[in-house]
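# build me a model from this:
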Amino acid sequence: MLEKVLPHAMLKAKPNLESRIRALKMDWAIVYDMRSGKKIAALV
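Sure thing, here's the model as predicted:
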């Protein structure tokens, strides 16, 4: 995933960055669902 976004960055901490990006996406998806009024199965 990170190679597609930053192909020539040559970052050594790739797995840590990818897991943090995945976590941020999940957090923002939850916030978006709450703002848009969608029901979240985990919170219901």
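# so which elements touch whichever strand or helix holds N16?
Counting by DSSP states H and E, the element that carries N16 is helix 14-36. Counting contacts by 3 or more CB pairs under 8 Å, 6 or more residues apart in numbering; DSSP states H and E, helix 14-36 is packed against helix 2-5. C-betas here are computed from N, CA, C, even on glycine.
# circling back to that earlier point, buried residues of the helix holding N16, list them for me.
The neighbour-count check on helix 14-36 (16 or more other CB atoms under 10 Å) flags L17 as buried.
# using CSV, write out every CA atom in that helix.
Taking C-alpha atoms only, helix 14-36 is exported to CSV below (Å, rounded to 0.1, in the frame of the first residue of the first chain):
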residue,chain,number,x,y,z
LYS,A,14,6.9,0.5,6.4
PRO,A,15,4.9,-2.1,8.4
ASN,A,16,4.5,0.3,11.3
LEU,A,17,3.3,3.1,9.0
GLU,A,18,0.9,0.9,7.1
SER,A,19,-0.7,-0.3,10.3
ARG,A,20,-1.1,3.2,11.6
ILE,A,21,-2.6,4.3,8.2
ARG,A,22,-5.0,1.4,8.4
ALA,A,23,-6.0,2.3,12.0
LEU,A,24,-6.5,6.0,11.0
LYS,A,25,-8.7,4.9,8.1
MET,A,26,-10.8,2.8,10.4
ASP,A,27,-11.1,5.6,12.9
TRP,A,28,-12.2,8.1,10.3
ALA,A,29,-14.7,5.7,8.8
ILE,A,30,-16.3,5.4,12.2
VAL,A,31,-16.4,9.2,12.6
TYR,A,32,-17.8,9.6,9.1
ASP,A,33,-20.5,7.0,9.8
MET,A,34,-21.5,8.7,13.1
ARG,A,35,-21.7,12.1,11.3
SER,A,36,-23.7,10.7,8.4
